[in-house]
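Enquirer: just to be clear, the model below is a prediction. Sequence and coordinates:
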2 protein chains.
Amino acid sequence: MTNAKVKTEETVVPGRRRFLASSAVAGLAGASLSLGLAGCNKSSEAASPASGAASAASGADPQASINWEKYEVHPGKLDTYYGISSGGHSGDVRIHGIPSGREIRRIPVFNVDCMSGWGITNESRAIIGTKPNGQLNYTNGDSHHVHGSYTDGVYDGKYIFVNDKLNARIARVRLDTMECDKITQLPNVQGYHGNFPDKRDPIDEKINYTTRVFCGMEFHIPQPNDGRDVNDPSKYFCLFTCVDTQTMETRWQIKIDGNIDLVATSYDGKIACSNQYNTENGVHYEEMMAAERDSCVFFNVARIEEAVKAGKFIHIGDSKVPVVDGTKAGNTDPKTALVLYVPVPKNPHGVNISPDGKYYACSGKLSPTATLIQHDLVLKWFEGGLKDPRDTVVAEPEIGLGPLHTAFDGKGFVYTTLFLDSQIVKWDLEAAKKAYQGDKNAKVVIDRIDVHYQPGHGFTSMGETNQPDGQYFLSDNKFSKDRYLPVGPLHPDSSQLIDITGEKMLLVADHPAYPEPHDSIIVRRDIIKTRQIYNLDDFPLATKSVKDNRIERNGKKVTIHLTSQAPAYGLREWTVKKGDEVTIILTNLDKVEDLTHGFGIPFYNISFVVHPQQTQSVTFIADKPGVYWCYCLNFCHALHLEMRSRMIVEK
Amino acid sequence: MTNAKVKTEETVVPGRRRFLASSAVAGLAGASLSLGLAGCNKSSEAASPASGAASAASGADPQASINWEKYEVHPGKLDTYYGISSGGHSGDVRIHGIPSGREIRRIPVFNVDCMSGWGITNESRAIIGTKPNGQLNYTNGDSHHVHGSYTDGVYDGKYIFVNDKLNARIARVRLDTMECDKITQLPNVQGYHGNFPDKRDPIDEKINYTTRVFCGMEFHIPQPNDGRDVNDPSKYFCLFTCVDTQTMETRWQIKIDGNIDLVATSYDGKIACSNQYNTENGVHYEEMMAAERDSCVFFNVARIEEAVKAGKFIHIGDSKVPVVDGTKAGNTDPKTALVLYVPVPKNPHGVNISPDGKYYACSGKLSPTATLIQHDLVLKWFEGGLKDPRDTVVAEPEIGLGPLHTAFDGKGFVYTTLFLDSQIVKWDLEAAKKAYQGDKNAKVVIDRIDVHYQPGHGFTSMGETNQPDGQYFLSDNKFSKDRYLPVGPLHPDSSQLIDITGEKMLLVADHPAYPEPHDSIIVRRDIIKTRQIYNLDDFPLATKSVKDNRIERNGKKVTIHLTSQAPAYGLREWTVKKGDEVTIILTNLDKVEDLTHGFGIPFYNISFVVHPQQTQSVTFIADKPGVYWCYCLNFCHALHLEMRSRMIVEK
């Protein structure tokens, strides 16, 4: 036998700019410019170095002196943060350890997952919803944004909320079990893009925690969308939706001009806001880029709820949800307006609030600018104290090409992803305000760092709370090209970890991700308290003792009450007749952490797991006679292979 | 805003042995002992230290002086190996970079994946198979073993083969695109556990590459399993199956006594072999452990195929696959036998061949031994040159509790996972032979290392080929308990990377894995050559030019020939009527690596991606009137959000 030489790791061919020049990005920049990229001037160009590390110009490469040990999580160590990430059109949510980047959990939400039985068990099917013929309503989804519930302006570790852009649904995921417990369909919504929980009630001071989640609607449609007005886009419109986080029912909707993408909420509970592209209501992308400015939209939550209470609403189609009027035409007087539209350049994508609650940053996408809007000026406008919506703007720095999403470190610095430049730009919030006021010496841009490639969302550790810690920025990049071993046409996305503790940003890790995570949050690990064992009492169907294993027949309906306890199920065999409707209710009596059992029936499309002290059930028609060995799918014991029961289906 | 203190990483509470004592493992050991764990004696006990690092006894802890840098893959570096891993009851295959452990690809195979559209596109549905009502045959699977195709005894990078234990299917995955291109149902098989490709033809010297894959059957059933003989287990039996790797059709099957789990193949192409537990044909686990010895079974491939050629076969049920007789009763004369049953202790799980082709290691599971069987003695038995099947055994060292799977480093050392001990044991092959011959001074066990916890499969870098490099061993552990941040009741599995270049094994990384990878291979990166761009000519349905975008109607069948090119689809809108059967054939005309587009239709359960120069199609009934914005699901361009087409479904 030969011992072939193994090459050691080698550096990726540094063809980054070559890639940028030859790839989609060239098309992007070209398209954007030819389509009228707003305000792209020389200072922005100059600030984007054409090649090499962005920081090279300032002398020594800070990357060269990185203390890698700081970011390693060796065997036996735990990560510092949870990274919670939406899975995009994978439909799932992922939990990573940060800084290691290790994926420690996939949470099926809008997808079907035969490992856990999500979409297979009766319990998960009830959450996803089924059609009259018993099929799942949907087996797909496009989970874009994931945000946690708050108490006093910081994550309380109870829930995360994640949207499905494809089928206009919102899901709630419990953080103690890391399982989805509720999915709600939004009525009359298509293209549900962004969502954000509120941080407190706008009126009731005692409610200092999340009770609402706000949902943006990107695709304007005829209302109701039942075939009427399909050929008259002038009659299409969008809704902004508020869902109750306890009941997960839709509280209210508000009709708007234009569309709604991302959502942010104020720390005082008074404002939800969103960016808009396509204020033109165009149906082709050229039309969607016609205007030089679109909007950042601010919703006055208390006034909207007063209007609902006062009965100033309509219903759309069959929906019982009250819909109030948030159009410009219906909100001309600031003192009674429910909505404020602040013009911002151009096709913006992304709005984020600073951890001190003072500023909203709304990026330009097709403008090289970010617009900084001051929260108390928004409130002042609603009080009638400002003449022009643009008076709420306190800065609009040029920061680079294709700015999308912005994060904050709590130290006055702001980090924005630049899709076209494939960079993260670090800028100084106060300096940007000074520059806007005319100070030509204000140094707005502090640093830039190349990322690989085309960043979408970026976010800082605890940066969406009032306890930002200024440790890390994660850049979720849409292209990865040459950063990992090649795996065929489908490339992973790339989540790059950046140390932001110093003046210069340091790229410290590349973490691949199955397409296509859209947004994430980075949560201090002490905030999330999980349970490792279920409670039998939580499950009305539980079989609580081995002696209660039994088979019940009611006509053609057969119920198997079954337990699992390593290395055996409570019944070694059961017999049913062809055509029976069989329900198997499986309770895992094992109490040891991590001792999960599985249950699979060959050829019956049944597979699921039961965690310690959990009960799950499945129902199927026994339509195939023969012997079927139901076996444990999840390695549990030295006799795991022997853990099987015999289902006999008689002819 | 406050900057809360973040704790730095801290060591996991070293309660390992406490966990072992209080967990399933105690139950395991207890059960095994009370159920008659074979041959567990003091020397084995003594070799398993009761606490602390296994290597502590020999002085300084080698872990303390690890050069971590050796195992890190910093930004801009590539991994050294591909790790290719089955996903267990996730139904997928995963590709990792090694040593980083980064998951760089998930390959949907037996599962449904709404990211890629696997199970949604017409092309993938044809591979998975559908029922007469149009539903997929299965939406789940249990992929246990994954092995690559060979040329001259080493991976040739063409294919991997992966089994579905749940629904008795084998899948072929192309390694150039890393996509599944064929799934085959095995007839009359239940519990298809292990599989292994052959490495050359037993007869034709020119065929020095893989043309067969062998498939084990674990669950004995009445044959055919149509409701007959369900209550008479004495009539149940198992089959061992050979599939043609080019056509992916089943070549032949052979009826055996007992069952078949794992499979290994010889380097000369002459032998496929497998371990058996439950030679008793028991239906309860106590019965399955009645015998002190089960078997390692050797199949004489050439003789089986001669028997098939000679027409010495039967058919079972509707299957047209020839089935030959491999029972003990039918194979009493070694000189004509198709099968050799070698008794080995007890309920073994795992058989592996050494890279020099000389030895099979078959582990004991409920015996603390591994049995070493010599390949040329197996051939000698088939020639009638040995009296007793046990004469093929050349060593049977006691190595620890719960031995499962064995890997080789090409330097004469052998690494076996010990499920009950939660250890990897490194032993000396030649010393084990000497000890078997009576040499009491032979030092068999070289080292032990704790893993965390309960290892299943273990494998070495290139260890399943004749080019083992002795660099790494990966231990796929079934329990992870306290090794990662807690994520609720469902724990990740844990794949631990061990450096095996020195005398002492070094634990160098913990890699979590979504449950439940069963087996993996570690492949040198130079072996796998992927393509990043498809060829339009590979797709008969491709729309090759933007000007060929069109809508074709044939009665109620409507076909949309559509292209994608960032940032737009080739048609901005199309109109169909309620009730139409709509087929959308989407060709991605973009040619840039990594420029994948998606396609989603709200509320129509349609989501899939098209890679550069690829064509995919979907078919659905337009049963909901209204406006539906078909949008790009995969971030492609600065105007990605604007990339959408309007489907109008008229009432």
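Expert: Alright, I've got the coordinates.
Enquirer: domain assignment for chain A?
Expert: Chain A resolves into domains spanning A:79-483+A:491-527, A:536-650 when parsed by automatic domain parsing.
Enquirer: can I assume A:Q467 sits in a strand?
Expert: No. Inclusion of A:Q467 in a strand is not indicated when DSSP: H, G, I helix; E, B strand; the rest coil is applied; the result is coil.
Enquirer: my guess is A:S607 contacts A:H597, does it?
Expert: No. At 11.9 Å, A:S607 does not count as touching A:H597 under the criterion of CB atoms under 8 Å. For every residue, glycine as well, the C-beta is placed using N, CA and C.
Enquirer: residues shared between the contacts of those two?
Expert: Overlap between the contact sets of A:S607 and A:H597, as judged by CB atoms under 8 Å, 6 or more residues apart in numbering or on different chains, is given by A:L633.
Enquirer: name the residue in those two with the higher neighbour count.
Expert: A:S607 (32 against 28; other CB atoms under 10 Å in any protein chain shown).
Enquirer: what pairs with the helix or strand that contains that one, and is each one parallel or antiparallel?
Expert: Taking DSSP states H and E as the criterion, A:S607 maps to strand A:606-610. Strand pairing for strand A:606-610, determined by DSSP bridges: strand A:597-601 (antiparallel).
Enquirer: the strand it pairs with: how far from the chain's middle?
Expert: Between the mean C-alpha point of strand A:597-601 and the mean C-alpha point of its chain there is a distance of 31 Å (CA atoms, centre = their mean, to the nearest Å).
Enquirer: can I get that strand as PDB, trimmed to CA atoms?
Expert: Output for strand A:597-601, consisting of C-alpha atoms alone and laid out as PDB, is shown next (Å, rounded to 0.1, in the frame of the first residue of the first chain):
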ATOM      1  CA  HIS A 597     -35.400   7.400  19.900                       C
ATOM      2  CA  GLY A 598     -36.600   7.200  16.400                       C
ATOM      3  CA  PHE A 599     -39.500   5.300  14.800                       C
ATOM      4  CA  GLY A 600     -39.600   4.300  11.200                       C
ATOM      5  CA  ILE A 601     -42.000   2.000   9.300                       C
END
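Enquirer: can you pull the pLDDT of the nearest residue to A:G317 once chain neighbours are set aside?
Expert: With CB to CB, 6 or more residues apart in numbering or on different chains as the criterion, A:G317 has its nearest non-adjacent residue at 3.0 Å, and that residue is A:P224. Turning to A:P224, the model gives it a pLDDT of 96.
Enquirer: so A:P224 sits right up against A:H315, yeah?
Expert: No. Counting by CB under 8 Å, A:P224 stays clear of A:H315, with 9.6 Å between them.
Enquirer: quick check: which ranges of chain A have low pLDDT?
Expert: Applying pLDDT under 70 to chain A flags residues A:1-59.
Enquirer: and the residue nearest the centre of it, how close does it get to chain B?
Expert: Here the mean C-alpha position of chain A is nearest to the C-alpha of A:H145 (CA atoms, centre = their mean), at a distance of 2.2 Å. Distance of A:H145 to chain B, computed by CB to the nearest CB, to the nearest Å: 14 Å.
Enquirer: and if you look at A:E103?
Expert: When distance is defined by CB to the nearest CB, A:E103 is 6 Å away from chain B.
Enquirer: what about that residue, how many neighbours?
Expert: Using other CB under 10 Å, A:E103 has 25 neighbouring residues.
Enquirer: what's the answer for A:R644, then?
Expert: Each residue near A:R644 was counted by other CB under 10 Å, and the total is 26.
Enquirer: dihedrals phi and psi, the closest residue to it other than its chain neighbours?
Expert: Across the structure, with CB to CB, 6+ apart as the measure, the residue nearest A:R644 apart from its sequence neighbours is A:Y631 (4.0 Å). Taking degrees, to the nearest 10, you get phi -130, psi 160 for the backbone angles of A:Y631.
Enquirer: mind listing what A:Y631 touches?
Expert: Contacts of A:Y631 were listed using CB under 8 Å, 6+ apart, and they are A:G598, A:F599, A:G600, A:M643, A:R644, A:S645, B:G191, B:F219.
Enquirer: what distance do you get for the fifth one to A:Y82?
Expert: The span separating A:R644 from A:Y82 equals 37 Å under the rule CB to CB, to the nearest Å.
Enquirer: now the first one
Expert: Distance, A:G598 to A:Y82, by CB to CB: 26 Å.
Enquirer: with the third one instead?
Expert: In this structure, A:G600 lies at 31 Å from A:Y82, with CB to CB as the measure.
Enquirer: close to chain B: what parts of the stretch 251-400 of chain A are there?
Expert: Taking CB under 8 Å from any CB of the partner chain as the criterion, the neighbours of chain B within the stretch 251-400 of chain A are A:261, A:277-278, A:283-285, A:288-289, A:347, A:349, A:355-356, A:365-366.
Enquirer: now render the residues you listed as JSON lines, adding neighbour count and secondary structure.
Expert: As requested, these are exported to JSON lines (neighbours: other CB atoms under 10 Å in any protein chain shown; DSSP: H, G, I helix; E, B strand; the rest coil):
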{"residue": "A:D261", "neighbour count": "25", "secondary structure": "coil"}
{"residue": "A:Y277", "neighbour count": "26", "secondary structure": "coil"}
{"residue": "A:N278", "neighbour count": "24", "secondary structure": "coil"}
{"residue": "A:V283", "neighbour count": "18", "secondary structure": "coil"}
{"residue": "A:H284", "neighbour count": "14", "secondary structure": "coil"}
{"residue": "A:Y285", "neighbour count": "21", "secondary structure": "helix"}
{"residue": "A:M288", "neighbour count": "21", "secondary structure": "helix"}
{"residue": "A:M289", "neighbour count": "25", "secondary structure": "coil"}
{"residue": "A:N347", "neighbour count": "31", "secondary structure": "coil"}
{"residue": "A:H349", "neighbour count": "28", "secondary structure": "coil"}
{"residue": "A:P355", "neighbour count": "28", "secondary structure": "coil"}
{"residue": "A:D356", "neighbour count": "16", "secondary structure": "coil"}
{"residue": "A:K365", "neighbour count": "31", "secondary structure": "coil"}
{"residue": "A:L366", "neighbour count": "29", "secondary structure": "coil"}
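Enquirer: fine, thanks again, bye for now.
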